[in-house]
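**Student:** Take a look and give me a structure for this.
(2 chains)
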Amino acid sequence: MPIIEFILEPLQYAFMLKAVIVSVVVGATLAILSCFLILKGWALLGDAISHAVLPGVVIAYIVGIPFGIGAFLAAMLSVVLIGYIKNNTKIKEDAVMGIVFTTFFAFGIMLISKIVSSIDLTHVLFGEVLGISTESAWYTCIILGLVSLVVLIFRRVFTVFCFDPTHGQVLGMPMTLVHYVFLSLLAVSITGSIQTVGIILVIAMLITPGSTAFLLTKRFSTMLWIAVLASVFSSLVGAYASYHFNVATGGTIVFVQGIIFMLVLIYTKLFPETYR
Amino acid sequence: MNQSAISLKDVSVSYGSKQVLKDTSIDIPYHTFTGVIGMNGAGKSTMFKVIMGLVKPDSGSVTICDDPVRIAQKHGHVAYVQQSEEVDWDFPISVDEVVMMGRLGQQDVFKTPTTEDKEQVKQALEQVKMLDHKDHQIGELSGGQKKRVFVARALAQGAEILLLDEPFAGLDATSERSLIELFIRLKKDGKTIVLATHDLLSLPDTCDQVALVKHTVIAHGKTKDVFTKELVTKTFDGLLHNLSFD
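**Tutor:** Predicted structure coming up:
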């Protein structure tokens, strides 16, 4: 059977096996987060964070510490800065985000052009999951696995946080803490996904699966499932496409997600109210 | 030890340089239905937010069922139905899931809802007559039905005191009437109801106590003593035309 061969043949190679596993873990985790993110209306913030990690990654590279730590610190710094400027000036939040993340990103570009070779730059910007090291693969899977676990365990808290934070506050739940925990989870996941899709496209994985699922259902639990399935499927397509046809993994993943979104959109327009 | 469900003592609140509440004191007894009236911007909502612990007063003290606000929150003594729920009505959440959120204070957040929780949610929905709609997505409901769901969430929370901030805003007369009946029924069941409202016409038939608010509590007491032409005119700067006092 050619299809079985198409699927199984690449898996004899360790690099491909790693790529498939990592892509699936990244796809599933970001899909779970995306459901919360789009309902909270934080899509732009996700975009801001993903760009803002660049200087952190480069500095980590220079200093010789794990990328994740540098990226995480840069992400949190950008979030704190955005919050501070928003609360202390009359500039609107979207403009503040735009200023902060482009400045961070620009600084990252400067550092890269001076220090790191352009091949590494492409990897950071667009990802290269086929070339992932065993160490990075473990790091990604463990970190993202933990993020998924935390989000699912505290799912009801995050749902209140997205739906009606005032109610959470009234019940004495520490909503400010939840806010920062959620931001941290976001930053950690973005960091962990850089190798797979890269800084530029990671935001798509944080918006598209949740949006696709949102079109199809009025139930949050169903939304989570649909988002994860759509995202994991896209990840698999991406990994196999880059093996068989030598196209970019990250690009393929995000493209497939976009196509699924469009197909679902057309479907819901053609057959409204056939879904719940 | 006092006998008040809610007790504010000399509470002052400012937003920036604007003072909204000044030396506000009020004692609301248990098992009463208090109407809070005053002009827009007079500080009604702020007073509610202070009681709920959403706004910290600059000075003064607040106790709820003899507990400070933080403790009262943990016990879930008091529930709050906001003026306009700032929620996304497209949120993929069903009516019973919204009401279940009322149980979160009591629950271990790690656990899935217990049979007890589900029973409480069912009872709360029954009380507000929304059990038939429990599987609907929240945005599919009418304005009055949405309010009922948030009242049900307050009931599921097990709160003894319900704070309702202008629940009739944007509702038709029928929905308003049936909400009022619901609140009166809840008061009979032993709840303490505090209702901020602009509907002065139905107030004398609804509330047994009235609090007049104009950046402080001008007067508070039994409806027949406080809801007088003189005091109400003072509260609204004399801008009342179609109200008759017997």
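
**Student:** Residue 233: which element?
**Tutor:** You didn't say which chain, so I picked chain A. Under the assignment given by DSSP states H and E, the secondary-structure element containing A:Phe233 is helix A:220-244.

**Student:** Can you look at chain B instead?
**Tutor:** Taking DSSP H and E as the definition, one finds B:Thr233 inside helix B:229-235.

**Student:** Do any residues in the helix holding A:Phe233 lie close to chain B?
**Tutor:** Yes: for helix A:220-244 and chain B, the contact criterion (Cβ under 8 Å from any Cβ of the partner chain) is met by A:220, A:222-223. For every residue, glycine as well, the C-beta is placed using N, CA and C.

**Student:** buried stuff in the helix holding B:Thr233?
**Tutor:** For helix B:229-235, the buried set under the neighbour-count rule, 16 or more other Cβ atoms under 10 Å in any protein chain shown, comprises B:231-232, B:235.

**Student:** circling back to that earlier point, who wins for most neighbours among the residues of helix A:220-244 next to chain B?
**Tutor:** Top of the residues of helix A:220-244 next to chain B by neighbour number is A:Met223, holding 25 neighbours under the definition other Cβ atoms under 10 Å in any protein chain shown.

**Student:** Need phi/psi at the nearest residue to that one once chain neighbours are set aside.
**Tutor:** Ranked by Cβ to Cβ, 6 or more residues apart in numbering or on different chains and with sequence neighbours excluded, the top spatial neighbour of A:Met223 is A:Ala213, at 4.3 Å. Dihedral pair for A:Ala213: phi -70, psi -40, per degrees, to the nearest 10.

**Student:** Using the three-state scheme, assign B:Lys22.
**Tutor:** The three-state label given to B:Lys22 by DSSP: H, G, I helix; E, B strand; the rest coil is strand.

**Student:** Only alpha carbons, please: show stretch B:66-74 as CSV.
**Tutor:** Backbone C-alpha positions of stretch B:66-74 (Å, rounded to 0.1, in the frame of the first residue of the first chain) are rendered in CSV as follows:
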residue,chain,number,x,y,z
ASP,B,66,-19.7,40.2,60.3
ASP,B,67,-16.7,39.2,58.2
PRO,B,68,-14.3,41.5,56.4
VAL,B,69,-14.7,41.5,52.6
ARG,B,70,-11.8,39.0,51.8
ILE,B,71,-13.3,36.4,54.2
ALA,B,72,-16.8,37.1,53.0
GLN,B,73,-15.6,36.4,49.4
LYS,B,74,-14.1,33.1,50.5
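
**Student:** rewinding a little: tell me the helices and strands packed up against the helix or strand just after the helix holding A:Phe233.
**Tutor:** Proceeding N to C from helix A:220-244, the next assigned helix or strand is helix A:249-270, under DSSP H and E. The criterion is 3 or more Cβ pairs under 8 Å, 6 or more residues apart in numbering or on different chains; DSSP states H and E, and the helices and strands that helix A:249-270 contacts are helix A:14-40, helix A:175-216, helix A:220-244.

**Student:** Quick one: closest of those helices to B:His136.
**Tutor:** Across these, B:His136 has its closest neighbour in helix A:220-244 (14.2 Å, Cβ to Cβ).

**Student:** residues contacting B:His31?
**Tutor:** B:187, B:190-192 (Cβ atoms under 8 Å, 6 or more residues apart in numbering or on different chains).

**Student:** Next, format those residues as CSV and append pLDDT and secondary structure.
**Tutor:** Output for these, formatted as CSV (pLDDT from 0 to 100; DSSP: H, G, I helix; E, B strand; the rest coil):
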residue, pLDDT, secondary structure
B:Lys187, 91, helix
B:Gly190, 89, coil
B:Lys191, 91, coil
B:Thr192, 93, strand
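
**Student:** Now which of the residues you listed would you call buried?
**Tutor:** B:187, B:191-192.

**Student:** Give me the neighbour count for residue 160.
**Tutor:** You didn't pick a chain, so chain A it is. For A:Val160, the number of neighbouring residues by other Cβ under 10 Å comes to 22.

**Student:** Hmm, no, I was thinking of chain B.
**Tutor:** Other residues near B:Glu160 come to 18 when the count uses other Cβ under 10 Å.

**Student:** was I right about it contacting B:Asp189?
**Tutor:** No: here B:Glu160 lies out of contact with B:Asp189, judged by Cβ atoms under 8 Å, at a distance of 10.6 Å.

**Student:** near chain B, which residues of the stretch 101-250 of chain A show up?
**Tutor:** Within the stretch 101-250 of chain A, the residues that sit near chain B (Cβ under 8 Å from any Cβ) are A:153-154, A:156-157, A:159-160, A:162-164, A:166-173, A:214, A:217-220, A:222-223.

**Student:** Would you list the buried entries among those?
**Tutor:** A:154, A:156-157, A:159-160, A:162-164, A:166-173, A:214, A:217-220, A:223.

**Student:** Just those residues: which are in helices?
**Tutor:** When DSSP state H defines the helices, the subset of those inside them is A:156-157, A:159-160, A:162-163, A:166-170, A:214, A:220, A:223.

**Student:** doesn't A:Pro55 make contact with A:Phe107?
**Tutor:** Yes: taking Cβ under 8 Å as the contact criterion, A:Phe107 and A:Pro55 are neighbours in contact, 4.7 Å apart.

**Student:** Compare those two (neighbour count), which wins?
**Tutor:** Applying other Cβ under 10 Å to A:Phe107 and A:Pro55 shows that A:Pro55 carries more neighbours, namely 25 against 16.

**Student:** Give me the below-cutoff pLDDT ranges for chain B.
**Tutor:** Using pLDDT under 70 as the threshold, the predicted model of chain B has low-confidence ranges B:1-2, B:85, B:106-110, B:239-246.

**Student:** Kindly report the domain assignment for it.
**Tutor:** Segmentation of chain B into domains, based on automatic domain parsing, reads B:1-77+B:161-246, B:88-159.

**Student:** So which of the ones you listed is the most surrounded?
**Tutor:** Ranked by mean neighbour count under mean count of other Cβ atoms under 10 Å in any protein chain shown, the domains of chain B are led by domain B:88-159, which reaches a mean of 19.

**Student:** ok, back up a step: which ones among the contacts of B:His31 come in contact with chain A?
**Tutor:** With the criterion set as Cβ under 8 Å from any Cβ, no member of the contacts of B:His31 is near chain A.

**Student:** Just the closest of those residues to A:Trp138, please.
**Tutor:** B:Lys191 (55.8 Å).

**Student:** Any residues of chain B in contact with chain A? List them.
**Tutor:** B:52-54, B:70, B:73-74, B:76, B:79-80, B:82, B:85-88, B:91-94, B:97-98, B:101, B:104-105, B:109-110, B:137, B:153, B:157.
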